[in-house]
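1. I'd like to go over a predicted model; first the sequence, then the structure.
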Amino acid sequence: MQGKVVAVCTSANKGERKKNVGSARLVADLGLEGDAHAGFAHRQVSLLALESIDKMRQAGLDVNPGDFAENLTTEGLNLPQLPVGTRLKIGGAVLEVSQIGKECHHRCAIYYQAGDCVMPKEGIFATVVSGNTVSTGDTIEVLN
């Protein structure tokens with residue numbers, strides 16, 4: 001199973017929309033270099049499918065990659081169906097899925113800016129097993 005990266009997004013602060021920077025370095029056991037969410041936790045990198053963003057567009061929202069605070073916007077993979085522990089090869093980097101969706105305890109800035117949020121239901125999180133640069137257009141290969 002393969003997909004591709006359509007955006008690589010970072011932000012300086014948590015709880016805000018991220019901007020597509022086109023390319024960034026994934027650092028082992030840390031996350032995406034320069035991103036507010038990088039850290040030694042199980043949610044180092046967030047991924048959301050373009051197909052999920054398109055659902056919000058079809059509902060009338062003006063949203064784009066990064067607007068749901070995801071680091072990597074993907075295309076061609078059913079992310080919520082990937083089990084925890086699945087490894088993804090992106091360029092020379094390897095990620096391991098660590099969480100499917102998330103619980104939102106309150107409505108964050110993303111919800112108020114976008115009008116809704118698909119990240120809690122359809123976003124996934126991963127840790128960086130081995131780092132390398134990730135760029136828009138890179139192939140994502142499901143390893144297991």
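-> Right, received. Where do you want to start?

2. So which residues of this structure form strands?
-> Taking DSSP state E as the test, the strands found in the chain are 2-10, 19-20, 23-27, 31-32, 45-49, 72-75, 87-90, 93-100, 124-130, 132-135, 139-142.

3. buried set for the first one?
-> Of the residues in strand 2-10, Gly3, Lys4, Val5, Val6, Ala7, Val8, Cys9, Thr10 count as buried by neighbour count, 16 or more other C-beta atoms under 10 Å. In this view, the C-beta of every residue, glycine as well, is placed from N, C-alpha and C.

4. would you list the residues you listed in a markdown table and tack on pLDDT and distance to Val134?
-> Listed next are the buried residues of strand 2-10 as a markdown table, based on pLDDT from 0 to 100; distance: C-beta to C-beta, whole Å:
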| residue | pLDDT | distance to Val134 |
| --- | --- | --- |
| Gly3 | 97 | 13 |
| Lys4 | 98 | 11 |
| Val5 | 98 | 6 |
| Val6 | 98 | 12 |
| Ala7 | 98 | 11 |
| Val8 | 98 | 6 |
| Cys9 | 97 | 11 |
| Thr10 | 97 | 11 |
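
5. quick check, nearest of the residues you listed to Val129?
-> Val5 (16.9 Å; C-beta to C-beta).

6. Tell me which of the strands of the chain sits most buried.
-> strand 31-32 (a mean of 27; mean count of other C-beta atoms under 10 Å).

7. before we move on, the earlier item: for the buried residues of strand 2-10, give me a markdown table that also has distance to Met119.
-> Below are the buried residues of strand 2-10 laid out as a markdown table (distance: C-beta to C-beta, whole Å):
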| residue | distance to Met119 |
| --- | --- |
| Gly3 | 18 |
| Lys4 | 20 |
| Val5 | 17 |
| Val6 | 16 |
| Ala7 | 14 |
| Val8 | 17 |
| Cys9 | 12 |
| Thr10 | 16 |
